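Student: Structure for the following, please:
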Amino acid sequence: MKNILAFTLLCLILSNCTQKEIKENQFILNGKIADQDSGLIILQWGILSFFHSDTSIIDYGNFQFKGFLKEPTRAVIKNDDPSNRIDIYLEPGKMKMNLSKMNFKDFTLTGSKSNEELNVLTTTLQSVSNPDSILIKFVLSNFKSYLTPYYLYDLGYRNKISKDSLKLIFNNLDTTIQNSQYGRITKGFIRGIENTTAGNYATDFNALDIDNTPISLTQFRNKNVVLLDFWASWCVPCRESIPYLKNIYEKYHSQGLEIISVASMDKNREKWQTAIKDDSTSMWYHIANFFQTGETVNEDVTFDYPIGPIPRIILIDRDGRVLGNWVGNTKGNEIDLDKQLDLLLTN
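Tutor: Next up, the predicted model:
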């Protein structure tokens, strides 16, 4: 009898320990990689200020990641081989993963319902000639899925659905999904479209420039015409447009033109600062939104203005109204912008 009681007590203790092993909102990803006994593997999850990156040591083919999540979250597993990079969905709780060193795409992951959704969707996409039709059907049929805002943003970004359709679908999403990480990104993308449409008033932002000096659009209201230049140090067309920007700045600055260059998705802070120095553009304002390293700054700009594509120029008049929105570095864009600046600043 004593042995039975002792065994029962031990089971209760072990059960209690197992339950406490996972803390609230914690995830534990236990993995095994075939044909690789040692080395490193990288897990990155989240976006913007929620971005995290972690590295695990492979020990006799085994690895483990731990972290905290408030919701199912898109993530990337990768190593130093560019071809070994896969998208997954993490969820709070315990998950198990199996990988092959030679091909990460041949993987299994259990313990994540959202990743099961992703597997089904990915398999379907691979079997059709028009993947976008499948994605549109998915976002129209899954208002409670954490995958939906990610693909809704993707469809809108690639102009596969109209702004009105994008907004209508988003407004029908479950409130929890609207307030998720990618829900916020999608909502910001919709605001970004509206904020860059000619005739609308540009939404104000409060940011810190490259010298950590506060800057906002309202400080130029009723005084200056503002040109927002969205660019990145790695963007070749952006850098090729610098001579033109210098030319119009020199021509119109004394008449009231201000340029604010916004680094969008730059590699890191150092690359951004070096490019400004190399291009000799420190005479106008410079701010950033977020870097590929995961560092996030000036989220007002990130959520209220388009993240891409770049280069992009938005012209705002003294009243704060958007006059034009040009994407790409083309001669036609320069001619159109010249006409607008002449009308605003030389009459």
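Student: Tell me if I'm right that residue 56 and residue 65 touch.
Tutor: Yes. With contacts counted by C-beta atoms under 8 Å, residue 56 reaches residue 65, the gap being 5.5 Å. (C-beta placed from N, C-alpha, C; glycine too.)
Student: between these two, what contacts are shared?
Tutor: Common neighbours of residue 56 and residue 65, using C-beta atoms under 8 Å, 6 or more residues apart in numbering, are 31, 43.
Student: Pick out whichever of these two has more residues nearby.
Tutor: residue 65 (22 against 18; other C-beta atoms under 10 Å).
Student: what kind of secondary structure is residue 154 in?
Tutor: helix (DSSP: H, G, I helix; E, B strand; the rest coil).
Student: The closest residue to it other than its chain neighbours: what secondary structure?
Tutor: Of all residues not flanking residue 154 in the chain, residue 135 sits nearest, at 7.2 Å (C-beta to C-beta, 6 or more residues apart in numbering). The three-state assignment at residue 135 reads helix, by three-state DSSP.
Student: show me the contacts for the nearest residue to residue 172 once chain neighbours are set aside.
Tutor: Leaving aside its sequence neighbours, residue 172 sits nearest to residue 143 (C-beta to C-beta, 6+ apart; 5.8 Å). Listed by C-beta under 8 Å, 6+ apart, the contact partners of residue 143 are 172, 173, 174, 177.
Student: which residue sits closest to the third one, ignoring its sequence neighbours?
Tutor: Spatial nearest neighbour of residue 174, excluding adjacent residues (C-beta to C-beta, 6+ apart): residue 144 at 4.5 Å.
Student: In this structure the one you found contacts residue 175, no?
Tutor: No. Contact between residue 144 and residue 175 fails when scored by C-beta under 8 Å: they sit 10.0 Å apart.
Student: And the pLDDT at residue 94?
Tutor: In this prediction, residue 94 carries a pLDDT score of 96.
Student: Quick check: the residue nearest to it when sequence neighbours are not counted vs residue 55, distance?
Tutor: Counting by C-beta to C-beta, 6+ apart, residue 94 lies nearest to residue 28, which is 5.1 Å off, once chain neighbours are set aside. According to C-beta to C-beta, to the nearest Å, residue 28 stands 16 Å off from residue 55.
Student: repeat for residue 96
Tutor: Counting by C-beta to C-beta - residue 96 and residue 55 are separated by 19 Å.
Student: one step back: from the contacts of residue 143, pick the one nearest residue 247.
Tutor: Nearest to residue 247 among the contacts of residue 143: residue 173, at 45.3 Å, using C-beta to C-beta.
Student: The closest one - how many residues pack around it?
Tutor: There are 22 residues near residue 173, going by other C-beta under 10 Å.
Student: Numbering from 58 from now on, please.
Tutor: I'll keep to 58 as the first residue from here, and by that count the last item is residue 230.
Student: Phi first, then psi, for it.
Tutor: phi -70, psi 150 (degrees, to the nearest 10).
Student: where's the residue lying closest to it once chain neighbours are set aside, which helix or strand?
Tutor: In this structure, residue 230 finds its nearest non-sequential neighbour in residue 200, 5.0 Å apart by C-beta to C-beta, 6+ apart. Remark: residue 200 resides in no helix or strand, with elements defined by DSSP states H and E.
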